[in-house]
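Engineer: just coords:
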């Protein structure tokens, strides 16, 4: 999966979960999105897992605090 494909996936997943466009090209922290609570966090994880067929483990889910963390976690999963 290329960087562009990951960014497109994240753009679509974030838009689907938060019902608005979110620019993934700029740094975005979980605390800067008011709606990004624990339930929305899991919805986002499930949306990404469904779109990719990959599964995050508990440690990865807990460590995700930003869009960059999501990119990194996806890269790690693709590498295994």
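Structural biologist: Everything's here; your move. Just so it is clear, the model here is predicted, and its values are computed rather than measured.
Engineer: for residue 74, give its distance to residue 61.
Structural biologist: 13 Å (CB to CB, to the nearest Å). Using the backbone N, CA and C atoms, a C-beta is placed for each residue, glycine as well.
Engineer: so the two - more neighbours on which side?
Structural biologist: residue 74 (20 against 14; other CB atoms under 10 Å).
Engineer: name the helix or strand for the more buried one, please.
Structural biologist: Per DSSP states H and E: residue 74 is located in helix 67-79.
Engineer: wait, is residue 4 part of a helix?
Structural biologist: Yes: Residue 4 forms part of a helix when assessed by DSSP: H, G, I helix; E, B strand; the rest coil.
Engineer: chain center to stretch 47-66, what's the gap?
Structural biologist: How far stretch 47-66 lies from its chain's middle: 7 Å, per CA atoms, centre = their mean, to the nearest Å.
Engineer: in stretch 17-37, which residues are buried?
Structural biologist: 17-18, 22, 24, 28, 30, 33, 36 (16 or more other CB atoms under 10 Å).
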